[in-house]
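1. Please find the sequence and the predicted model below.
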Amino acid sequence: MIKVFEELVDITKYIKETLPEGGIVLLIGTLASGKTTLVQNFVSMLELKDEATSPTFSILNIYDNWVYHYDIYNEGSDKFIQSGLLENLELEGYHFIEWADEKLEKMVEALGFEFMKVEISLEATSRIYRVSYGS
């Protein structure tokens, strides 16, 4: 089942309602499609004291020990797995992984984690958010 959203506020509310206690969200989209913006909006909606920023060079930012924001663009899924960050997914909270690829998706699924996948595409002057689930 795929759900489609056109508004950032709607997709962030949906994530919170669907995963009220936290979970794994794989974010897929091209450069500047709005992956970090989605996480920023989500953190703001939770009213956390930390401000969300892009973890492109640090790989991981943690906001109020509740939202884990990974960006594996520079290092890829192999480095994510090798560095032990896969084990972080067992921690309570929300785990947003930008630039998740098929290899990482299969690994997360093989480990038995349930996850939400959000594919963001730019269409004309808007963004479209397509949500599906794994495991």
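-> Noted; the coordinates are in hand. Numbers count the residues shown, from 1 in each chain.
2. Run a quick neighbour tally on Lys16.
-> Neighbour count for Lys16, taken as other C-beta atoms under 10 Å: 14. C-betas here are computed from N, CA, C, even on glycine.
3. Now it. Nearest residue, chain neighbours left out?
-> Using C-beta to C-beta, 6 or more residues apart in numbering and skipping residues adjacent in sequence, the residue nearest Lys16 is Met45, 6.6 Å away.
4. List the contacts of the one you found.
-> Met45 makes contact with 12-13, 16 under the criterion C-beta atoms under 8 Å, 6 or more residues apart in numbering.
5. which residues touch the lowest-mean-pLDDT helix or strand in the chain?
-> The helix or strand of the chain with the lowest confidence, counting by mean pLDDT, DSSP states H and E, is helix 76-82 at a mean of 82. Residues outside helix 76-82 that contact it (C-beta under 8 Å, 6+ apart) are 59, 70, 72, 86, 97, 100-101, 103-104, 107.
6. Just the buried ones from these, in ChimeraX syntax?
-> This is the ChimeraX syntax for the buried subset of these, where burial follows 16 or more other C-beta atoms under 10 Å:
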select :59,70,72,86,97,100,101,104,107
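7. start to end distance for stretch 97-112?
-> Length of stretch 97-112, first residue to last, C-alpha to C-alpha, to the nearest Å: 17 Å.
8. oh, I was asking about stretch 95-113
-> Counting by C-alpha to C-alpha, you get 12 Å between the two ends of stretch 95-113.
9. average pLDDT for that stretch?
-> Mean per-residue pLDDT for stretch 95-113: 92.
10. and the residue nearest in space to the middle of the chain, which of the three is it?
-> Central residue check for the chain by C-alpha atoms, centre = their mean: the C-alpha nearest the mean position is that of Phe96, 2.6 Å away. Under DSSP: H, G, I helix; E, B strand; the rest coil, Phe96 falls in the strand class.
11. Might you report the residue contacts of it?
-> Residues near Phe96 by C-beta under 8 Å, 6+ apart: 25, 27, 38-39, 42, 67-70.
12. what pairs with it across the strands?
-> Counting by DSSP bridges, Phe96 is bridged to Val25, His69.
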